[in-house]
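S.K.: Here is a sequence with its predicted model. Questions after.
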Amino acid sequence: MQKLQPLDAVVVGAGPVGSYAALNLARRGFEVAIFEEHPAVGLPSHCAGHISIKSLKGLGLYPLPKGIVENTFCKANFHSPVGAKFSLQLSCPVTVALNRARFDQFLAEKAMSAGAKLVLGSRVPSLLMEEGFVVGVVTESGSAQDMVHSKVVVDCEGISSRLLRQAGLPTLKRSGLVYAVETEVEGVRDVEETAVEVYFGKSYAPGFYGWLIPKRDGTAKVGLATNTGNPRDYLKHLMAKHPVASRQLAKAKIKQVGYHAISLGGPIARAYTDGFLAVGDCASHVKPTTGGGVIFGLKCAKEAAEVASEALRQGDVSSSTMSVYQKRCDSLLNFDIKVMLRLRRFLDSLSDERIDEMLRVCGKLGVDRALRDVDEIDFQGGLLLRVLGKPAILTALAYFAMLYLQQP
Ligand SMILES: Cc1cc2nc3c(=O)[nH]c(=O)nc-3n(C[C@H](O)[C@H](O)[C@H](O)COP(=O)(O)OP(=O)(O)OC[C@H]3O[C@@H](n4cnc5c(N)ncnc54)[C@H](O)[C@@H]3O)c2cc1C
């Protein structure tokens, strides 16, 4: 094993979160290397790339260069398992569908332009530890292994999260995992170009939902996640039997398919230790309602880079300095995550009949009108507080509480 020069920071994984953490460290003048196990950034892609425009703007990442944004949306159609539909029309485009491979490549290129080094085809199987401190990583490329020493390791390895245990941190809750299938299809019909479709139903996507995200060329991203069984079988069932999806996808041809897990259980209790920070999917920085993790991951990556930079400047990367990262992530996410965990539990508890009833009631009460001016979808706890004063929302919440209490 060859011993290489020590770096300021090593980032594990060139997903969006890893590249953004590296970008923010490199911009501050630190020597950073990103190790990515795959030979190319962003591939294979495992994400629908449905992201809020306002959050991207807040991170300085919008507008994006040409070729990354596949579509913009100002509407969502929610379908019950027996055909009820609730449509939410917003007053302006609120979300985009991104080509995730291109988005990831864009962020990796930005990190490299700022001075970060990207090493492709290089897996990190383990951490280097000295007296309880993380002091670097072992990298593996084919049969060659190297030791890379660094003052800080920023773990952005995604859901696989193999390094957390070695760092002595809590790992992802298995009970919070759902298993997703994501496809690219051509030949969809009866879909509105600027609306995403959401399909509920225990026999179609138990523990989550199905989705259809149209592009502008007659193709779409279609997928679902489930907390039980094989997602591929559920997708076949959704495409063949769901009262709305089966019509929209009757002539659809699947061009591409991928499988990946999503962690809905809320962030791990502790995401730092001596010389080490965990960010993004590996720390479950993910919305428990929708499984969206790009924005939360990027926001935490920014915090991680700031805290690591300060620790490097002070020459103290011990837990006590790194704990500031935890405090910042907690204050950024905790309230919204708590609300979303409750919403997830509520949705999981509802029978198909109750979901059908709920969507019909939302339409009748004018919940769509009350939510018309919503301009972001990430911080759902804050969003709920902002709309709580509207009579339609209050009545709907009271009704949902009643539905919940009436569950057998
Ligand atoms: C089907 C599906 C649809 C989704 N749709 C959306 C959506 O519409 N909107 C949204 O916001 N989120 C969505 N998500 C979630 C989103 O994909 C993740 O939250 C996001 O990718 C997290 O980014 P990350 O950088 O933490 O992890 P990843 O994107 O998973 O990146 C991790 C990187 O680390 C690399 N890696 C892993 N282990 C190692 C190692 N040991 N050594 C070196 N490299 C390693 C991997 O190859 C990968 O490139 C979806 C997820 C799924 C499964």
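M.R.: Cool, got the structure. Please read these numbers as outputs of a predicted model, since none were measured by experiment.
S.K.: can you give me the helices in the stretch 101-250 of the chain?
M.R.: Counting by DSSP state H, counting those that start in this stretch, the stretch 101-250 of the chain has helices at residues 163-166, 231-241, 245-248.
S.K.: Reformat those helices as TSV; add distance to the ligand and mean pLDDT.
M.R.: C-beta here means a position set from N, CA and C on the backbone, and glycine is covered the same way. Converted to TSV, those look like this (distance: least, C-beta to the nearest ligand atom, whole Å; pLDDT from 0 to 100):
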stretch	distance to the ligand	mean pLDDT
helix 163-166	7	97
helix 231-241	9	98
helix 245-248	16	97
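S.K.: any idea what sits nearest Leu128, other than its immediate chain neighbours?
M.R.: Counting by C-beta to C-beta, 6 or more residues apart in numbering, the nearest residue to Leu128 once its immediate chain neighbours are dropped is Gly136, at 4.0 Å.
S.K.: Hmm, that neighbour is touching Leu163, no?
M.R.: No. Applying C-beta atoms under 8 Å as the test, Gly136 and Leu163 come out as separate, 11.9 Å apart.
S.K.: Quick check: residues of this protein near the ligand?
M.R.: Taking C-beta under 6 Å from any ligand atom as the criterion, the neighbours of the ligand within the chain are 12-18, 35-38, 46-51, 123-124, 156-158, 160, 162, 180, 182, 223, 260, 262, 280-281, 286, 291-295, 297.
S.K.: Got a quick ChimeraX command for the buried subset of those residues?
M.R.: Applied in ChimeraX, the following selects the buried portion of the residues of the chain next to the ligand according to 16 or more other C-beta atoms under 10 Å:
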select :12,13,14,15,16,17,18,35,36,37,46,47,48,49,50,51,123,124,156,157,158,162,180,182,223,260,262,280,281,286,291,292,293,294,295,297
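S.K.: what residues do Gly136 and Leu163 have in common as contacts?
M.R.: By C-beta atoms under 8 Å, 6 or more residues apart in numbering, Gly136 and Leu163 have these common neighbours: Leu127.
S.K.: Pick out whichever of these two has more residues nearby.
M.R.: Per other C-beta atoms under 10 Å, whichever of Gly136 and Leu163 has more neighbours is Gly136, with 25 against 22.
S.K.: contacting residues for that one?
M.R.: Pro6, Leu7, Val10, Leu127, Leu128, Met147, Val148, His149, Ser150, Val153.
S.K.: hmm, try it at 6 Å
M.R.: Neighbouring residues of Gly136 by C-beta atoms under 6 Å, 6 or more residues apart in numbering: Leu128, Val148, His149, Ser150.
S.K.: Also Gly168?
M.R.: For Gly168, the set of contacting residues under the criterion of C-beta under 6 Å, 6+ apart consists of Thr273.
S.K.: And it, how close does it get to Ser150?
M.R.: Using C-beta to C-beta, to the nearest Å, one gets 18 Å for the distance from Gly168 to Ser150.
S.K.: next one: Lys236
M.R.: With distances defined as C-beta to C-beta, the gap from Lys236 to Ser150 amounts to 46 Å.
S.K.: before we move on, what about Val339?
M.R.: Counting by C-beta to C-beta, the gap between Val339 and Ser150 amounts to 37 Å.
S.K.: Compare neighbour counts for the two and give me the winner.
M.R.: In this view Val339 and Ser150 are compared by other C-beta under 10 Å, and Ser150 has more residues nearby, 25 against 19.
S.K.: so what's the more buried one bridging to?
M.R.: When bridges are taken as DSSP bridges, the partners of Ser150 come out as Leu7.
S.K.: can you pull the contacts of it?
M.R.: Leu7, Ala9, Val10, Gly136.
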